[in-house]
Structure formats: C-alpha cells, structure tokens
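Engineer: Coordinates for the following, if possible.
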Amino acid sequence: MKNLDNDFYANHLDEPWLFFPADRHGSISRREFYFRVNQLEDKIKSYRTNDQQKVVLVCERPENFRLAFVAVIASGMTALLAASRKPAMLQRLFEQYPESLLMTDTDSSCAPASTIIMTDFTADQSVPAGDVKLPQVSYSLLAAILFTSGSTGKPKANHKHWGDLIKASALMRQRLQLTPQDCLLVAVQPQHMYGFETQVLMPLLGGIGLFASRLFYPADIYAAMKQLQENGIKASLVITPIQLRAMLGSGLDFSPLRQIVCSAAALSVNLARQAESQWKIPLTEIFGSTELGSVASRRTAKEELWKLYPQVNLQSEGNAYRVNADYLPHQPLLDDTIELDEKNPRVFRLLGRASDLIKVAGKRASLMALNNRLLDIPGVIDGVFVMPGDARENPRPCALVVAPDLNRETLFSALAEWLDPVFLPRPVYFVDRLPRETNGKLPRIKLMQLIEQLQKTTPESIDILSSVSPEHPALGGHFPGNSVIPGVVLLELVESCLEKHLGTRWGTYWVRQWLRVKFSRRLEPGQQCRVVIKFDSQNLQKGSFKLLDMADHTLVTGQLYYAESEAQA
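Structural biologist: Just a heads-up that it's a prediction; the model follows:
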C-alpha cells in the first residue's frame, strides 16, 4: 500500500491560506489548519471500532466540513457526503451504512450513539509553534462516497478513491489556470461534487487560497470579494447559474474578480454574455456530474462547443458515449446526449440529458434548451419546464416560473418567438421560488410534489357578477334599437370570467371546447348576471357553467374544456 507524503500542498505553511470575515479574525495558515486536523484525527481514532467503519459528515459551516474530511481520510477512513441533511435522508444513510460515525457541527435528531460534535474553529485560536504532521493517505483509500442529488430519481452512491481525486483535481486546476497564488470564492456547498472539487480538493491539493466561510447571496459574495481586494487579492468566483442571475440583478459591481466559474445547472448563452459584458471578466462553464467529476469546459459567451480536459476521451457505444480517463477506471456512461465535432473529437456539442429529450405531437426537443429559452426572458428570475409523469393524459410540458413583475401575455409572446407552439407550456404556474437544492439542482420528485400541491389549490367553483356592455361592437348589427346579445358573446363572457378569476395566479385561460350549450333566456345589454363555473375534480381542465339573471333564472348552461394558451385552444 503506497503512502504519499506530498499530495497536500506543503509549501508556505505559515502564510495566510484560509480567509474569514473580518469579525472572525482574518485568516489562518496551513500550519494552523493541519494542527487542528491532527487534533481531530486523534479524536476520530478514539471512536473507531473496526476497519469498515465510515464517517457521515454533516457540517453547516464549509470550514468545518473541510477540516472534518481531511481528518477522516488521515485516519484511513471513508467520508460519506450526504446529499441532504434532512433527518429522513440521514436515517436512510445510517441504515445503508450501519455502524457509521457521525461528525457534525450541529444538532441532529437522528444522531447515532457514536457522534463527534465539532466546535467551530476561528482564526484567533492559538496554535503552538513547531513542526506539524501533514496527512499521509494511500492512493487506494476510498476517500469519499458522494451521492447524486436525485434530480432524475433516487440518489446513487459514487465511490471516490484518493488517487483518482488527486489526478482529477490537477486537470481542473490546469484548465482554470489556477496556481497557489490564486484565491477562490466558492458559493456552492462542499457535499456535492462541484463544491467538493472547488471548496475542498483545489485548496488542499493545489495550495490555492480560499475564503473559508459560507457564501450564497450576492451581498455576501460582494463583501468577501471586497475584503480580499483590500488585501491585494484578486479572487476567482465559483457559483451556479441561479446565483449568477441574482448577481446581475443586484446592481453590485463584480468586475474586480479575476474570473467566474459556473456549473450545476444549465447556463444560458445570453446570461453568460450579459455577465462578461457587464463586468469585463471571463466566465467559464464546467461540464461534469457526481459520477464523473468535471471533465470539460467552455467559454459560454463565446463558444458553443465543450472542450474535454487533457487525458479525458470519449468512446462511442451505440448512441451513447463512455468517458475514458485513468482516474475513472469504471469508464462511466454519459447521461447526456452529445454530438462530437467532425474535425476534432476532443470537442463536442451538448444536446441535453438523455432523460431531458421529450417528444410532443411527433416533434422532439430538449428540456435543457426549453429552460434556457425561458430563463433568457427579461423578468424571469427562475423557471423550469417539467414533463408530467403520465404523458398519455397530458402530452405537453408544464412550467414553473418565478417572475413577480411579468404578465402572462408577455411570457407567452416571448416564448412563442422561439418555440414551436406544441412546446409552449400548459399550464404555467407562477410561484415564489423553486425547490432547488443547495447545489442549484431541482430534484424531479420535489417538482412533482410542488405541481401536485398547486393543482390541489385550484378552486372548486367560480361565482361572479358580470354583464355585457351596451357599447359592445357585436350589438350594433343585431336588431338595432332592440339589441339581442349573440350567443357567442355570452360564451365570451364566460371565458372572460374564467380568465379574470384564475389569471391572477394561474394565467391566461382559453376555452378550447364548448359542449351541450343550451340558451334558455335572453340577457339584455347592461343587465347584470351571475356567471357560475364548477370545475371537475377528476379533470382539472373540465367544468360546467351556467348564466343566471338576478332572479336566478337560468339563461345559459353547458360544459367547457379549457387550456392555458391560445395556441392550445
């Protein structure tokens, strides 16, 4: 078993390395960090009972997570990186890996008997002078087990050996041109692969400086950037597309950054171009997954094609591709649909995830491409297309949209400029926020739960007072002086009430079919009437209606089927 003495960056041990907000006393050096690792390593070994035991890391603070991970692998153990800190998920993890230890900096309702409680470390803790022991970790050690976010189903375990992580991290640093003279601001969580690579591996293995505290909101990122700038440090920022959108809308100036790195969800070309134009800094998008790690990148504002990292190759297998690299011995199959460039097999065009390809009315599209069109619309803060579970009942995608200042007509008009009518979403739900994970992903199960909840809040009935104006243009040609309201105008009145009542939350509704319509009495121009619509609890797009005069005489009855866009009507 080969031990490696120099995997961890060992130069300049006494220089500032991990930076904290000013109220937490500035920074700590590598010497101070590894001193704390040695202390925690001894504590872990005192809890260990067998060689197969693993350690579940549940840390709120990224700096505690980083310290805990290094101490775990220095002890020769495996770190389990839970995709979620929710009690039910952690309970399932302990059932799957019995006898595991829990290392946490927070209270946990499902904590096992063997729990190591970490205390926050700050830069003001004293560390004795002298030599410090750097961790020695075997290449063959199963250093971490990471879990997929579950965005397309049940989370899956992915094994990461220490030697493979070392090689992969070196390629990522090379592609981003990061050296020990650089410093990172990372606004993604370390328990997911993207954050694990940038928050944990890059600083440890490449000697890159790091703002060690948790970042998320534009104001937090801006304050950290300014603090480093005041110390002569030009930082590189690691974020997700949703955070980039928030930064652009914040009005803050992020031009002092050296570069921006973006991943974890689809990044639209327009958003990338806006960022580069506004701040005059390069933005690099990373391609990868929990199973692969990062394997390719592109300058999204300027490049359509993705460029593989050195030593990474793609091998076709039917309609799919396997990823070949010496640090990926299992040669994983890509979940994405790609197209290799004819002239250069080391670059490719991303067409979307295999599970994202949908077929509607005989036409195909990628949900990723639809999402990008949606997110490019001015006023859309966040949004996603979702294909329902049973396409036989509703063969069209719906959409969840965060756009508080956008009206429905503008949204559909903008989408219609780019999309075939069959891909216009029906229905569209305007919501306050999407159920994103901390890494920016949207698990399908959470999206379906939200849609189900929204569907259940559809009203059972509508009962509205309304009338047809005597100035209605259709009345002039119908018996002048003794106007009769045409039946089609009465049906327009029903449709208008449907739209007026549901449109404030649910959008623009159109009746696509009228059934069993019976006209029983006349309605005079200007005369008030009640419009009553009852919805079918078994079919959310079906209802019955009636118009009543103020004496409750029935004027019109019938049934209707309604939809959410004119293109569908």
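
Engineer: Which residue ranges of the stretch 451-569 of the chain form helices?
Structural biologist: For the stretch 451-569 of the chain, applying DSSP state H, counting those that start in this stretch gives helices covering 487-502.

Engineer: what stretches of it score poorly on pLDDT?
Structural biologist: 456-460, 476-482, 500-510, 537-540, 563-569 (pLDDT under 70).

Engineer: which residues of it fall in strands?
Structural biologist: Ranges of strands in the stretch 451-569 of the chain, per DSSP state E, counting those that start in this stretch, are 461-466, 510-519, 529-536, 539-549, 554-563.

Engineer: cool, and the stretch 151-300 of the chain?
Structural biologist: All strands of the stretch 151-300 of the chain, identified by DSSP E, counting those that start in this stretch, fall at 157-161, 183-186, 209-211, 236-239, 259-262, 283-289, 293-298.

Engineer: Now do the fifth one: everything it contacts.
Structural biologist: With CB atoms under 8 Å, 6 or more residues apart in numbering as the contact definition, strand 259-262 has outside contacts at 176, 198, 236-241, 244, 254, 272, 275, 281-286, 300. C-beta: built from backbone N, CA, C; applies to glycine.

Engineer: Low-confidence bits of the stretch 101-250 of the chain, can you list those?
Structural biologist: Residue ranges of the stretch 101-250 of the chain with pLDDT under 70: 107-113, 119-130, 149-154.

Engineer: Recalculate using a threshold of 50.
Structural biologist: Across the stretch 101-250 of the chain, nothing is flagged by pLDDT under 50.

Engineer: CA atoms only for stretch 231-245, dumped as CSV, please.
Structural biologist: Extracted C-alpha coordinates of stretch 231-245, given in CSV (Å, rounded to 0.1, in the frame of the first residue of the first chain):
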residue,chain,number,x,y,z
ASN,A,231,-5.7,42.7,0.9
GLY,A,232,-4.4,42.8,-2.7
ILE,A,233,-6.1,39.5,-3.7
LYS,A,234,-8.0,39.1,-7.0
ALA,A,235,-10.3,36.2,-6.4
SER,A,236,-11.9,33.7,-8.8
LEU,A,237,-15.6,33.0,-8.1
VAL,A,238,-17.4,29.6,-8.2
ILE,A,239,-21.2,29.8,-8.4
THR,A,240,-24.3,28.3,-10.1
PRO,A,241,-26.4,30.0,-12.8
ILE,A,242,-29.2,31.0,-10.5
GLN,A,243,-26.6,32.8,-8.3
LEU,A,244,-25.2,34.5,-11.4
ARG,A,245,-28.6,35.7,-12.3
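
Engineer: Please state the offset of it from the chain centre?
Structural biologist: 17 Å (CA atoms, centre = their mean, to the nearest Å).

Engineer: cool, and stretch 190-207?
Structural biologist: On the basis of CA atoms, centre = their mean, stretch 190-207 sits 19 Å off its chain's mean C-alpha point.

Engineer: next one: stretch 366-379
Structural biologist: Taking CA atoms, centre = their mean, the mean C-alpha location of stretch 366-379 is offset from the chain mean by 14 Å.

Engineer: buried stuff in it?
Structural biologist: The neighbour-count check on stretch 366-379 (16 or more other CB atoms under 10 Å) flags Ser366, Leu367, Met368, Ala369, Leu370, Asn371, Asn372, Arg373, Leu374, Leu375, Asp376, Ile377 as buried.

Engineer: Next, the contact list for the third one, please.
Structural biologist: The contact partners of Met368, taken as CB under 8 Å, 6+ apart, are Ala266, Leu350, Gly352, Arg353, Asp356.

Engineer: State the pLDDT value of it.
Structural biologist: Looking at Met368, its pLDDT is 85.

Engineer: In JSON lines: the strands of the stretch 151-300 of the chain, plus mean neighbour count and distance to Leu434.
Structural biologist: Output for those, formatted as JSON lines (neighbours: other CB atoms under 10 Å; distance: least, CB to CB, whole Å):
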{"stretch": "strand 157-161", "mean neighbour count": "18", "distance to Leu434": "25"}
{"stretch": "strand 183-186", "mean neighbour count": "26", "distance to Leu434": "22"}
{"stretch": "strand 209-211", "mean neighbour count": "25", "distance to Leu434": "27"}
{"stretch": "strand 236-239", "mean neighbour count": "25", "distance to Leu434": "17"}
{"stretch": "strand 259-262", "mean neighbour count": "22", "distance to Leu434": "18"}
{"stretch": "strand 283-289", "mean neighbour count": "21", "distance to Leu434": "20"}
{"stretch": "strand 293-298", "mean neighbour count": "24", "distance to Leu434": "24"}
